[in-house]
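K.L.:
For reference, the sequence and a predicted model appear below.
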Amino acid sequence: MSSADIYREIILDYYRNPRNYGKIPNPDVAQRDSNPLCGDELEMHLNIKDNKIADVKFTGKGCAISQASASMLTELIMGKDFEEVKKLSKEDILENLGLHDLGPARIKCALLSLKVLKSGLYSYLTEKMKDTASADKMKEEASGLY
Amino acid sequence: MQASVINIEKIRKDFPILERKVHKDKPLVYLDNAATTQKPVQVIEAISNYYLNYNSNIHRAVHELAEEATAAYELTRDKVAKFINAPRREEIVFVRGTTEAINLVAYTWGRQNVGKDDIIVTTEYEHHSNIVPWQLLAKEKGARIEYVGVDDGGQLMLEQLDRYLETGRVKLVTFSQMSNVLGTISDSEEIVRRCKARGVRVLVDGAQSVPHMKVDLQRLGCDFFAFSAHKMLGPTGVGVLWARRDLLEGMVPFNGGGDMIREVHKYETTWNDLPYKFEAGTPNIADVIGFGAAIDYLEAIGMDRVREHEVEITRYALEKLSEIKGMKIYGPMDAGKRGGVISFNLGDIHPHDLATIIDEDGVAIRSGHHCAQVLMERLDVSATSRASFYIYNTKDEVDVLVRALNRARELFRI
C-alpha cells in the first residue's frame, strides 16, 4: 500500500497522541520486547480481574506504525474477556489498524504490539494460571508472528 | 548533469543497476553506499571470468588452471598492499569482512595480550563490530572497556583518551577512521601518535575511510587495520586485516585447517608462513579476484578525485537538506572535514516511516541505528535516517532526495 494510505490522519493521531500511554504500578503482567532490526521498543502492562482486562498501558519508542498499533491494541482489549483477547490474530490487528499489504519489513512494526501482548499472556498463563497447555500455544503464536 | 571533478556520466554506464526502475517507474536513487556500494561491470566480469575460464582451487595443485587462479588471487594481495601503502604484502590477510578482521584480532592477539583489569579503549561512534568483540574479550579476561566520548560537533574528545592512557592499563585503542553515522573523519594520526608515545597498540577500522579517501598505512602508523571490499565497489564476503608482521608472527592462528599449516603430525602442527597462517580453508577466491578489479577501478579514477567529488556532493547536500523545515542534521557541517555520510531526522517522523515514504520516490536511504546503538544513546535518539554518497551519485539525485523529504514532511503535516 502507498504511504499516503499508511500514514492516514488516524495513524498520525495515535502516534502523536497515544492513548493508554504509561505504566501501571505493580501490574499483573509486564512485558517488554524490541525489534532488533530497527530498535523499536515496546513495554506493555496489564491488570487482569474476573477474567477481564481491567487495565492496560504501554510505553515505547519507534515508528508511527509500531506506536499507533500498540495504542490501538490497548483500546481494543481494554475491558475485554481474557479468552477473547487470547484469540486475537494478526489479521485482527491489521484490520483494526486499517493496514493491509504492508511489506515484510514494515509488517513487523505493526505486529510488535501483538507479539508483546501474547508473550505477556504466556507469562501470565505460566506463572499465575499454571495453564501450561494454553501457555505453550500462546508462546508459539507469539514467535510465529514475524 | 552538472560538471564534476570526475566523469559521472561515463562512470554510471559501468553500473547497469543504476538504470533500473523501482516501484514501477521511479529511477533508482541509490544513497545507501555506507551500507554497501553497487558493483561496476568490471568487477562482475572479473568474478564470472574466473568461474567461466579458470575456476580451480589455489596454492596446491600444479595444473594450469590452479596456477592462473593462484596468480589472480595473489595479485589482489599486491593491489591491496599498494592501495593502502602497506609495507609488506604478507601483512595482508584476506578475511570475510571488517567484522571478521576485528574478531580475528580480539580472539588471537587479544586473548594473548589482554588480562584482568587491563583497559581496551574504543569510542562512542563505533560500529557494533568494534564494540562487541571487545566486550566478549573483556568478559572473558576480566578486562574493562572505556569509551572516548563524542562532543556536540561530532568530534572525539581526545582529552578523555589521554586520561585513559595515563592509567598505564590500556592495552589497545581501537577506533574508526570515519564514523559510519556522523561522517566524522577521526584525527587518526594524532590518536596513533598519542598511543605510540605510551607504547599502546592501535587498531583502526577503515571500513568507511578506505573506500572514500586516500589511506596511507605507513603514514598512519597503527598496528592493526581492517576494511571490507563490498563498501568500495567489490563483492561481499571479502575483507582485509592488515597487521604488522611482528604482531602477526606472535599471534596464534584464528582458524585451524588446510592451507594454514606447514607440517601436520598426529600431535603437533607447525604453521605456514604469513599471511597463509591466517587463511585456513579454501578462501573466497572469486570475490578476492573481483576485489582486485574494484581496486583497479578506483585507482583509475584516483582516490583524490573520489574524495573531491564526495566533498562537492556532500557540501551541496548539507546545504539543501539544511533548508528543509524541521531538519536536524547530526555530525560536522564542514564538508571538507567529513565523509559523504549524512545522518538526520526530520521533525517527529520516525526514520523507518521516512525511509518507507521516500522509497516510493525511488530513493534508497538507510534508517535505524546503523549498528551504532552506543552513539544513538549519546545523541539521545532511537534512530536516524542516513544518506550516503559514492562516485556515481549526482547533485540531481540530491534534488530528488530533497523533493522526496518535502513530500514526507507534507504527509506528516510538519
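P.N.:
Right, received. Where do you want to start?
K.L.:
Just give me the neighbour total for the closest residue to chain B within chain A.
P.N.:
For chain A and chain B, the shortest gap (C-beta to the nearest C-beta) falls at A:Cys63, measuring 3.7 Å. Yep, even glycine has a C-beta here, placed from its N, CA and C like the rest. By other C-beta atoms under 10 Å in any protein chain shown, the residues close to A:Cys63 number 28.
K.L.:
correct me, but it touches A:Leu112?
P.N.:
No. At 9.7 Å, A:Cys63 does not count as touching A:Leu112 under the criterion of C-beta atoms under 8 Å.
K.L.:
which neighbours do those two share?
P.N.:
Residues touching both A:Cys63 and A:Leu112 (C-beta atoms under 8 Å, 6 or more residues apart in numbering or on different chains): A:Asp40.
K.L.:
what sits against the residue of chain A closest to chain B?
P.N.:
Here A:Cys63 is in contact with A:38, A:40, A:109, B:350-353 (criterion: C-beta under 8 Å, 6+ apart).
K.L.:
Of the residues you listed, which is the nearest to B:Met157?
P.N.:
Nearest to B:Met157 among the contacts of A:Cys63 is B:Pro351, at 26.3 Å by C-beta to C-beta.
K.L.:
can you pull the buried residues of stretch B:366-378?
P.N.:
Residues of stretch B:366-378 classed as buried: B:366-372, B:374-376 (neighbour count, 16 or more other C-beta atoms under 10 Å in any protein chain shown).
K.L.:
ok, and the closest non-adjacent residue to residue 40?
P.N.:
All of this refers to chain A. A:Gly62 (3.2 Å; C-beta to C-beta, 6 or more residues apart in numbering or on different chains).
K.L.:
that's the other chain; I wanted chain B
P.N.:
Nearest to B:Pro40 is B:Asp14, by C-beta to C-beta, 6+ apart, at 4.0 Å.
K.L.:
Break chain B into its domains for me.
P.N.:
B:8-30+B:303-411, B:45-299 (automatic domain parsing).
K.L.:
among those, which is nearest A:Asn51?
P.N.:
Among the domains of chain B, domain B:8-30+B:303-411 sits nearest to A:Asn51 (C-beta to C-beta), with 36.2 Å.
K.L.:
now the closest one: mean pLDDT?
P.N.:
Average pLDDT, domain B:8-30+B:303-411: 97.
K.L.:
now the strands for chain A?
P.N.:
Under the criterion DSSP state E, strands of chain A are mapped to A:29-34, A:41-49, A:52-61.
K.L.:
and B:Ile8, what does it touch?
P.N.:
B:1, B:309, B:391-394 are the contacts of B:Ile8 under C-beta under 8 Å, 6+ apart.
K.L.:
any idea how far chain A is from it?
P.N.:
30 Å (C-beta to the nearest C-beta, to the nearest Å).
K.L.:
Quick check on the residue of chain B most remote from its centre: phi, psi?
P.N.:
Among residues of chain B, the one most distant from the C-alpha centroid is B:Lys266; the distance is 40.6 Å, by C-alpha atoms, centre = their mean. Phi and psi for B:Lys266, reported as degrees, to the nearest 10, are phi -60, psi -40.
K.L.:
what about the helices in the stretch 151-300 of chain B?
P.N.:
Using DSSP state H, counting those that start in this stretch, the helices assigned to the stretch 151-300 of chain B run over residues B:158-166, B:188-197, B:217-220, B:245-250, B:285-301.
K.L.:
just these: most buried one?
P.N.:
Mean neighbour count (mean count of other C-beta atoms under 10 Å in any protein chain shown) peaks for helix B:285-301 among the helices of the stretch 151-300 of chain B, with a mean of 22.
K.L.:
Packing partners of that helix?
P.N.:
When contacts are defined as 3 or more C-beta pairs under 8 Å, 6 or more residues apart in numbering or on different chains; DSSP states H and E, helix B:285-301 sits against helix B:41-49, helix B:64-83.
K.L.:
Same list (the ones you listed) but as TSV, adding distance to chain A.
P.N.:
Formatted as TSV, those follow (distance: least, C-beta to the nearest C-beta, whole Å):
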stretch	distance to chain A
helix B:41-49	27
helix B:64-83	32
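K.L.:
pLDDT wise, what is the residue lying closest to B:Arg413 once chain neighbours are set aside at?
P.N.:
Spatially, and ignoring its direct neighbours in sequence, B:Arg413 is nearest to A:Leu12 (7.2 Å; C-beta to C-beta, 6+ apart). Note for A:Leu12: predicted pLDDT of 96.
K.L.:
number of nearby residues for A:Leu12?
P.N.:
Quick note: A:Leu12 (other C-beta under 10 Å) scores 18 neighbours.
K.L.:
try the one 10 residues further on
P.N.:
By the measure other C-beta under 10 Å, the count of residues near A:Gly22 is 9.
K.L.:
so it makes contact with A:Lys57?
P.N.:
Yes. The pair A:Gly22 / A:Lys57 is scored as a contact, 4.7 Å apart, by C-beta under 8 Å.
K.L.:
got the contact list for the closest residue to B:Val215 other than its chain neighbours?
P.N.:
The spatial neighbour of B:Val215 that comes closest, neighbours along the chain excluded (C-beta to C-beta, 6+ apart), is B:Ile84 at 5.2 Å. Applying C-beta under 8 Å, 6+ apart to B:Ile84 gives the contacts B:206, B:210, B:215-217, B:225, B:227, B:240, B:242.
K.L.:
can you check B:Leu156 too?
P.N.:
B:Leu156 neighbours (C-beta under 8 Å, 6+ apart): B:123, B:125, B:148-150, B:175, B:184, B:186-187, B:191.
K.L.:
Figure out which of the strands of chain A is closest to B:Ile324.
P.N.:
Checked against C-beta to C-beta, the stretch from the strands of chain A lying closest is strand A:52-61, at 23.2 Å.
K.L.:
That's all I had, so thanks and see you.
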